[in-house]
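Participant: Provide a 3D model corresponding to the input given below.
(one chain, ligands or ions: 2)
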Amino acid sequence: MTCKRIAEIQKHLTADSAALIVSGANRFYVTGFHSSAGSVIVTKEKAYFLIDFRYVEKAKSVVKSCDVILSGRQENEILSLLEGVKYLYVETDSMSIAEMGRYQAVLGDIELLKDDKLDRLLEQMRAVKTEQELSLIRRAQKITDETFTYILDRIEPGRSEIDVMLDMEFYMRKLGSEGVSFDFIVVSGKNSSLPHGVPSDKLIEVGDFVTMDFGAVVEGYRSDMTRTVAVGAVTEEQRKVYDTVLAAQSAAIAAVKAGKVCKDIDKVARDLIYGAGYEGCFGHGLGHSVGIEIHENPNFNMRCETILRPGTVMTVEPGIYLENKFGVRIEDMVYVTEDGCINITESEHGLIVL
Ligand code: ZN
Ligand code: ZN
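Facilitator: Numbering: from 1, shown residues only. Ligands and ions are numbered 1, 2, ... in the order given. Down below sits the predicted model:
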């Protein structure tokens, strides 16, 4: 699979151009190898993975798409691999100006191409998942669903947000998650009106909404899910907000289909939430693509003009946040198909009162 990815990049190169891939996510995507360093050079005919002593032995047994080369200081070594190359594409989204300077200093006459062609190409390739990638994301989501079921029995008045978060993390690791998909959000009561609030030592109380946003990692692929549950009792207002968010999410998921424009999906949920009287209370985009990174392109927001393609995994996560009162967000992951989408999140959607 990684060989196909290298071949796809090579299709976009000419005999006198090459690509340099140094960002962790893209490097993993084209090598299938996890490392904290290393660079991939792709020329029209060849591909090399330069990696240091810490990783080289493992890389030689795992990486099939590139010639693996033991490397010291990579900026100095790549010149010898770029014979006949005049132009070098780099990842302008992730390479710092200092790094570009270091490369340019050793590359002499080779010109670094500072447009975003390489970034956009890899982004487009990564947006369409293979069956194998999808199965890893499904496994990550299964762990996430199981963790939700587990924690439902353990959310109770008197327990702190941090304590619940740590319990979820620990359980998820025991189920086989390689780590956390991102820093989990567990917020309760008034804190739940903060879309990206940080878990605190606040104790959960009767009458609180508890919002949990979390995910697992399986073989480098991530899941992402949010659920809001009530503790002990719910007011009419809480129920109305919950039902509105859920209706917005259901309508948006029903609208997802290959060929649709991303911003139009956002609009479905946004119109419904604003129409119910909550304009100004849904201040983030409806969703994002997920894969090797937790936030990938395209996005469901008010600006994204990308046309959905089959094979893309998107989150659908509307929310309503009432300042100083409470918030609700419900997030699923869906897999875009020609006819619609497949929801890969299996946890309950209806309001759970614990
Ligand atoms: Zn999330
Ligand atoms: Zn998300």
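Participant: residue 323: neighbour count?
Facilitator: Residue 323 sits with 11 neighbouring residues when counted by other C-beta atoms under 10 Å. Every residue, glycine included, has its C-beta placed from N, CA and C.
Participant: now do the contacts for it.
Facilitator: Counting by C-beta atoms under 8 Å, 6 or more residues apart in numbering, residue 323 touches residue 193.
Participant: nearest residue to the residue of the stretch 251-354 of the chain at minimum distance from ligand 2 other than its sequence neighbours?
Facilitator: Proximity of the stretch 251-354 of the chain to ligand 2 (C-beta to the ion) peaks at residue 315, 4.2 Å away. Once flanking residues are discounted, residue 315 sits nearest to residue 287: 4.0 Å by C-beta to C-beta, 6 or more residues apart in numbering.
Participant: does that neighbour have beta-bridge partners, and which?
Facilitator: residue 300 (DSSP bridges).
Participant: residue 186 bridge partners, please.
Facilitator: Following DSSP bridges, residue 186 is listed with bridge partners residue 212.
Participant: neighbours of it, just the number please.
Facilitator: Applying the criterion other C-beta under 10 Å, we find 29 residues in the vicinity of residue 186.
Participant: distance of it relative to ligand 1?
Facilitator: 12 Å (C-beta to the ion, to the nearest Å).
Participant: coming back round to it: three-state assignment of the residue of the stretch 251-354 of the chain closest to ligand 2?
Facilitator: Under DSSP: H, G, I helix; E, B strand; the rest coil, residue 315 falls in the strand class.
Participant: buried residues in the helix or strand containing residue 241?
Facilitator: Assessed by DSSP states H and E, residue 241 sits inside helix 236-255. Neighbour-count burial for helix 236-255 flags 238, 241-242, 244-246, 248-253, 255 (criterion: 16 or more other C-beta atoms under 10 Å).
Participant: run through those residues and flag the ones next to ligand 2.
Facilitator: Near ligand 2, judged by C-beta under 5 Å from the ion, there are no entries from those.
Participant: dump the residues you listed into JSON lines; add pLDDT as well.
Facilitator: Below are those laid out as JSON lines (pLDDT from 0 to 100):
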{"residue": "238", "pLDDT": "97"}
{"residue": "241", "pLDDT": "98"}
{"residue": "242", "pLDDT": "98"}
{"residue": "244", "pLDDT": "98"}
{"residue": "245", "pLDDT": "98"}
{"residue": "246", "pLDDT": "98"}
{"residue": "248", "pLDDT": "98"}
{"residue": "249", "pLDDT": "98"}
{"residue": "250", "pLDDT": "98"}
{"residue": "251", "pLDDT": "98"}
{"residue": "252", "pLDDT": "98"}
{"residue": "253", "pLDDT": "98"}
{"residue": "255", "pLDDT": "98"}
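Participant: do I have it right that the residue nearest to residue 315 meets residue 313?
Facilitator: No. Look at residue 287 against residue 313 with C-beta atoms under 8 Å: they stay out of range, at 10.1 Å.
Participant: tell me what residue 68 is bridged to.
Facilitator: residue 49.
Participant: thought it was touching residue 52?
Facilitator: No. Using C-beta under 8 Å, residue 68 makes no contact with residue 52, being 11.3 Å away.
Participant: before we move on, back to that, residues contacting the residue of the stretch 251-354 of the chain closest to ligand 2?
Facilitator: Residues near residue 315 by C-beta under 8 Å, 6+ apart: 224, 287-290, 300, 331-334.
Participant: these also near ligand 1: which ones?
Facilitator: 224, 331.
Participant: tell me the contacts of residue 21?
Facilitator: 27, 30, 39-42, 91, 118, 122.
Participant: if you set the cut-off to 6 Å instead, what comes out?
Facilitator: Contact analysis of residue 21 by C-beta atoms under 6 Å, 6 or more residues apart in numbering lists 27, 40.
Participant: same question, residue 235
Facilitator: Applying C-beta under 6 Å, 6+ apart, no residues contact residue 235.
Participant: and for residue 40?
Facilitator: 21, 27, 30, 49.
Participant: can you find the helix or strand of this protein with the lowest average pLDDT?
Facilitator: None of the helices or strands of the chain scores lower by mean pLDDT, DSSP states H and E than helix 74-81, at a mean of 81.
Participant: quick one: contacts of that helix?
Facilitator: With C-beta under 6 Å, 6+ apart, helix 74-81 has contacts from 39, 41, 48, 50, 71, 102-103, 106.
Participant: repeat that for stretch 301-309.
Facilitator: Taking C-beta under 6 Å, 6+ apart as the rule, stretch 301-309 contacts 128, 258, 260-263, 266, 285, 298, 336.
Participant: turn those residues into a markdown table, including distance to residue 148.
Facilitator: Below are these laid out as a markdown table (distance: C-beta to C-beta, whole Å):
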| residue | distance to residue 148 |
| --- | --- |
| 128 | 28 |
| 258 | 29 |
| 260 | 29 |
| 261 | 32 |
| 262 | 27 |
| 263 | 30 |
| 266 | 25 |
| 285 | 23 |
| 298 | 27 |
| 336 | 24 |
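Participant: so which of these belong to strands?
Facilitator: 298, 336 (DSSP state E).
Participant: buried subset of the contacts of stretch 301-309 as a PyMOL selection?
Facilitator: To isolate the buried ones among the contacts of stretch 301-309 in PyMOL, judged by 16+ other C-beta under 10 Å, type:
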select buried, resi 258+260+262+263+266+285+298+336
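Participant: looking at the contacts of stretch 301-309, which is nearest ligand 1?
Facilitator: Distance to ligand 1, by C-beta to the ion, is smallest for residue 285 among the contacts of stretch 301-309, at 11.7 Å.
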